[in-house]
Every structure is written in C-alpha cells, then in structure tokens.
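Pasting the sequence and the predicted coordinates here, then a few questions.
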Amino acid sequence: MLRKIRIVLAGISLLLITLLFLDFTGTLHAYLGWIAKIQLVPALLAGSVGVLIFLALLTLFFGRMYCSVICPLGIMQDIIAWFGKKAKKNRYSYSPKKEKLHSGFGFLFLICLVSTPSFSHFVISLLDPYSSFGRIATNLFAPVYRWGNNVLAYFAERSESYAFYETDVWMRSAWSLGIVVVTLLIISILAWRNGRTYCNTICPVGYWLGVFTWLSKTAMLRPVIDTSKCNGCRLCEKNCKGACINSKEHKIDYSRCVMCMDCISKCKRGAISYAMKAPAASCKAAASPTKEVPASESRRAFLTGAVIATAATAMQAQKKKVDGGLAVIEDKVAPQRQTTILPPGAKDIRHFTKACTACQLCVSACPNQVLRPSNALERFMQPEVSYERGYCRPECTSCSNVCPTGALTALTREEKSSRQIGRAVWIKKNCLPLTEGVSCGNCARHCPTGAIQMIPSVEGDDKSVKIPAINTERCIGCGACENLCPSRPFSAIVVEGLDTQKVM
C-alpha cells in the first residue's frame with residue numbers, strides 16, 4: 001500500500017511539473033507555479049526559508065522521499081527503470097557506496113553555489129536535477145506536445161471549431177539541444193541498467209539529502225529488516241534501485257535509499273517494514289540465488305533510438321513566417337550585441353548569472369518567442385532576449401512571474417511597462433530610407449513609448465527622406481523597432497542590453 005501511495009503521489013507530481021513546462025497558453029503557471037518553487041535548488045537560491053524547512057522536515061521523518069516523490073528527474077528515472085525491469089527481472093544487486101565520487105560532485109556543487117567564477121553557473125545548471133529535467137521538457141517534450149496541438153488545431157479548423165489554435169514550433173538553440181540529448185542519454189542508460197545510479201553517484205541534491213538522512217537516521221521512519229523473518233532470498237536486494245540493501249549482512253544504506261518501497265512490496269515473508277527502528281530479533285539468513293532472466297538488447301536499443309529520434313524531430317522544427325510585410329522573418333539575422341539583453345525582472349547581470357540555473361521555464365513560458373538559451377560560455381543555456389521572431393510586449397510579465405529561483409523579480413504590468421531592459425541604437429548603413437531612398441517609419445509607428453521620431457535626413461530640408469531619431473530616456477528596449485524593421489538581413493535599429501535594468 002505504501003508503494004502504491006508513493007507511485008500515485010510521484011505520478012501526480014511529475015504530471016504537474018511537466019505540464020508547467022508544456023503550457024504555452026500561460027494559464028497553468030498561476031496554479032502550478034508552486035511545484036517549481038518547492039524544488040530544492042530553486043528554493044535555496046530564492047531564499048525560500050519556509051520551503052527549505054518543509055523539505056528538511058520531510059527528509060528528517062521520511063528519509064529521501066523528496067527524490068522519489070518531488071524531484072521530476074528522479075521520477076523520470078523510475079519510469080525508465082520500470083521498463084528496464086520488464087526486460088530483465090531482479091536485475092539489481094548491492095554495491096558499495098561511491099563515496100569519493102559522489103562527495104566530489106556534492107562539494108563541487110556547494111563551492112559553485114557560494115563562489116563567483118563564470119563557470120559556476122554552468123556546473124550548477126548541469127548538476128541540478130530540476131534544471132536538467134526542465135531543459136529536457138522544454139527542448140524535447142514541448143515540441144512533440146505542440147505538434148500534437150497543431151494536428152488537433154488543423155482538424156478543428158476544418159470542422160469550424162476554434163477549441164485549438166496553431167502554435168509555432170522551433171529550435172531555440174542547437175547547443176542547448178545537444179546538451180539535453182547527451183544528458184538524457186546518460187540518465188536513461190544508467191536508469192535502464194541500474195536504477196538510481198545517477199542519483200547516488202552524480203546528483204548533488206541526492207548527496208546532501210543523503211548526508212542529512214545519515215545525520216538524522218536515529219529519528220526517521222525508514223525500511224528496516226527483521227532478520228527473524230528473512231530467508232535470504234535476496235529479492236529485496238535484487239529490486240533495490242538504489243543498490244543500497246546488503247541482504248547478506250541485513251543492512252540498508254539509508255543515505256542512498258530513496259524510499260521507493262519496492263523492497264517492502266517484493267518481500268514475500270514480510271521481513272521488511274517501514275518503521276522507526278529495526279526489530280531486535282536476528283538470525284543468520286542463507287542466501288538463495290534467484291535465476292535471472294536474460295536482458296533484452298532489443299528493448300535497450302529501442303530506448304536509445306527513441307531518445308535520438310525525439311531529438312532529431314525537435315531539430316526539424318518549422319520556421320515562422322510573417323503574413324504580410326516586406327520579407328519573411330526567417331531572413332532576419334541576430335545582431336552581435338555588445339551587451340546581452342537580460343529577461344525583464346533581472347536586477348543586474350551578475351545577480352542573474354549567479355541565481356539562474358538554466359531550467360528554461362521562462363523560455364517555455366514566453367508567448368512572444370523572444371527568449372532563447374544563450375550560447376555564450378559565461379551564460380551558457382541561460383535565457384537571453386533576441387528579437388528575430390517577436391518583441392517583448394510591455395504588458396507581458398510571463399517570464400518574471402514563473403522564475404522559481406529569484407533570478408527574475410516578479411513584475412506587475414505597470415512595473416513591466418516602465419522597465420528599461422535595453423536601449424535602441426540606429427544603424428545608419430542598414431536604414432532603407434538612406435539605402436533605397438524610400439519612405440519607411442516602421443520603427444516610429446510601432447514604438448509603444450514614443451521614443452522614436454522621424455526627422456529629415458538633411459537638416460533644414462523637410463523634403464529629404466526621414467530617418468529615425470531615438471530618445472534613449474524613453475526607450476525601454478522592448479525590441480518592437482528591431483523586430484518590425486523591414487531591413488534584411490540586419491535591422492537598421494538594434495537593441496543593446498544593460499548591465500543593470502532601470503525603472504523609467
């Protein structure tokens with residue numbers, strides 16, 4: 001019963017957090033945003049004391065329940081491991097703890113949390129299990145989900161129904177996608193073969209929860225072995241995803257136990273129970289080897305092939321077109337900005353780089369398609385703003401309101417409309433009135449703050465073609481001018497970011 005309850009709770013948790021990354025309408029974040037904020041690393045970076053106390057108490061009384069019920073990457077590994085056990089039953093065995101390896105990752109992660117080198121955020125984003133899952137959901141699951149939505153929208157439109165509407169599917173960063181595919185392959189292979197190997201040898205969250213569990217083991221509920229009932233069949237050991245049950249010595253390494261309850265459900269003699277302390281009775285148990293079913297190589301090949309096929313499908317994302325206008329947006333080329341444009345709500349570039357774990361939840365939530373993972377080494381996979389596919393609408397606050405780590409401060413619509421995230425710069429050599437001798441003014445017409453005015457290109461000659469003049473004090477850096485500029489391949493107006501965002 002305990003195992004079934006755990007599976008139901010884990011299934012609900014995984015479903016909710018996956019929907020959070022798949023939602024492109026912006027409606028679910030108001031209801032499900034809390035599930036991202038109760039993840040350990042985001043709560044730690046955001047300074048959410050209440051969440052940290054809750055997780056500490058959860059671990060104190062129930063062990064590493066966080067890893068099997070709350071952590072989405074851990075639950076995903078359980079699903080993969082379940083398929084692995086279908087190929088070969090009773091496939092696990094006890095193995096000594098990889099103390100040096102796991103503690104190395106744990107302390108490296110801790111050092112990066114408190115230090116300021118540029119590579120620190122990269123290490124944190126790679127090792128944080130929540131962020132890893134977020135990137136997998138954003139780059140692999142979301143395109144498939146959106147394509148399914150587009151199929152429904154296609155048939156709904158032909159039935160004169162507008163219950164669904166078509167949405168764009170596109171690859172935001174090839175480098176980020178490559179990291180995601182490699183991460184998923186490593187985690188999938190480890191989970192398929194050995195269950196929770198990743199959690200107990202690499203994951204820093206698993207390491208520090210294990211340390212806390214070990215320190216509090218005298219006061220927590222945990223699986224315990226009654227040696228008077230054990231007949232040495234080793235079924236508990238062969239079904240332990242954490243490889244932490246030594247059935248010969250009747251010992252459980254609680255620092256690695258993720259409280260999956262599989263051992264309890266597999267024991268046919270009721271020798272394992274969920275209790276405060278181990279029973280006093282003891283007897284020597286004889287080991288009785290169980291015949292194992294050979295592994296199915298075809299299933300393993302299927303899993304690997306499915307991952308590769310999903311990644312390849314995501315890379316074939318369709319490109320957005322513009323209905324009307326002088327050219328298609330696919331011809332736009334991103335300018336080489338001197339300063340990166342940070343998402344609205346970032347205090348400054350130093351704080352943002354340190355607090356962001358590159359989970360890319362804000363990227364998936366952006367309805368205007370201006371956020372994408374950075375390819376710059378110092379901000380690798382962290383979101384940045386670019387205006388080839390849209391511009392940052394002054395009334396939109398989606399990205400700042402979904403950030404669970406505090407890297408982005410939640411903004412109201414009023415605060416967002418007066419938030420200066422960059423400044424527009426005119427590029428004379430790209431401007432069509434000068435290069436083609438035609439009248440334009442697109443940038444001035446679409447500027448939401450009136451920061452751009454058209455003036456004669458020749459002073460004193462009102463009949464000369466007009467060119468834009470920018471009032472940088474009124475410009476908020478929304479990118480409407482850059483996005484809607486008809487000049488190709490580079491816009492005649494580009495937005496440069498600010499090291500520190502300002503309030504107008």
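Here it is on my side, so go on.

Pull the contacting residues for the residue lying closest to residue 72 once chain neighbours are set aside.
Spatially, and ignoring its direct neighbours in sequence, residue 72 is nearest to residue 133 (4.2 Å; CB to CB, 6 or more residues apart in numbering). In this view, the C-beta of every residue, glycine as well, is placed from N, C-alpha and C. Each residue near residue 133 by CB atoms under 8 Å, 6 or more residues apart in numbering is listed here: 17, 72-73, 76.

got it, and residue 156?
Contacts of residue 156 by CB under 8 Å, 6+ apart are 162-164.

Can you get me a residue count around the residue lying closest to residue 487 once chain neighbours are set aside?
In this structure, residue 487 finds its nearest non-sequential neighbour in residue 430, 4.7 Å apart by CB to CB, 6+ apart. Per other CB atoms under 10 Å, the neighbour tally for residue 430 reads 18.

Now do the same contact list for residue 430.
487, 490-492.

Make JSON lines from the residues you listed and add distance to residue 183, secondary structure and neighbour count to it.
Shown next, in JSON lines, are those (distance: CB to CB, whole Å; DSSP: H, G, I helix; E, B strand; the rest coil; neighbours: other CB atoms under 10 Å):
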{"residue": "487", "distance to residue 183": "39", "secondary structure": "coil", "neighbour count": "22"}
{"residue": "490", "distance to residue 183": "34", "secondary structure": "coil", "neighbour count": "16"}
{"residue": "491", "distance to residue 183": "35", "secondary structure": "coil", "neighbour count": "28"}
{"residue": "492", "distance to residue 183": "40", "secondary structure": "coil", "neighbour count": "25"}
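
Pull the most distant pair out of those residues.
490 and 492 (7.8 Å; CB to CB).

Check the contact lists of those two and give me the overlap.
Common neighbours of residue 490 and residue 492 (CB under 8 Å, 6+ apart) are 427, 430.

Secondary structure, distance to residue 449 and neighbour count for the contacts of residue 133 - can I get that in CSV?
Putting the contacts of residue 133 into CSV (DSSP: H, G, I helix; E, B strand; the rest coil; distance: CB to CB, whole Å; neighbours: other CB atoms under 10 Å) gives the following:
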residue, secondary structure, distance to residue 449, neighbour count
17, helix, 37, 24
72, helix, 40, 26
73, helix, 42, 25
76, helix, 44, 22
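
quick one: the strands in the stretch 301-450 of the chain?
For the stretch 301-450 of the chain, the strands defined by DSSP state E, counting those that start in this stretch cover 371-373, 383-385, 419-426.

And the first one, what does it pack against?
Other elements packing on strand 371-373 under the criterion 3 or more CB pairs under 8 Å, 6 or more residues apart in numbering; DSSP states H and E are helix 361-365, strand 383-385.

Which residues does the first one contact?
Residues from elsewhere that reach helix 361-365 (CB under 8 Å, 6+ apart): 20-24, 26, 29, 36, 134, 137-138, 142, 172, 343, 371-373, 383, 398-400, 402-404, 408.

Walking through the stretch 51-200 of the chain, point out its helices one by one.
Listed in chain order, the helices of the stretch 51-200 of the chain (DSSP state H, counting those that start in this stretch) span 65-69, 72-87, 99-114, 120-127, 129-136, 142-158, 174-194, 197-201.

Reformat these as CSV; add mean pLDDT.
Output for the helices of the stretch 51-200 of the chain, formatted as CSV (pLDDT from 0 to 100):
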stretch, mean pLDDT
helix 65-69, 93
helix 72-87, 92
helix 99-114, 91
helix 120-127, 89
helix 129-136, 95
helix 142-158, 90
helix 174-194, 92
helix 197-201, 93
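
would CSV of the ones you listed with distance to residue 6 be doable?
Below are the helices of the stretch 51-200 of the chain laid out as CSV (distance: least, CB to CB, whole Å):
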stretch, distance to residue 6
helix 65-69, 6
helix 72-87, 10
helix 99-114, 24
helix 120-127, 25
helix 129-136, 18
helix 142-158, 26
helix 174-194, 17
helix 197-201, 15
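
could you flag which of the contacts of residue 156 are buried?
residue 164 (16 or more other CB atoms under 10 Å).

Please identify which of the contacts of residue 156 is nearest to residue 264.
Of the contacts of residue 156, the one sitting nearest to residue 264 (CB to CB) turns out to be residue 164, at 44.2 Å.

Now do the contacts for the closest one.
149, 152-153, 156.

Between the helices of the stretch 51-200 of the chain, which one is closest to residue 460.
Here helix 174-194 is closest among these (CB to CB), at 50.5 Å.

could you check the angle helix 129-136 makes with that closest one?
Angle of helix 174-194 versus helix 129-136, following axes from the mean of the first three to the mean of the last three CA atoms, to 10 degrees, is 120 degrees.
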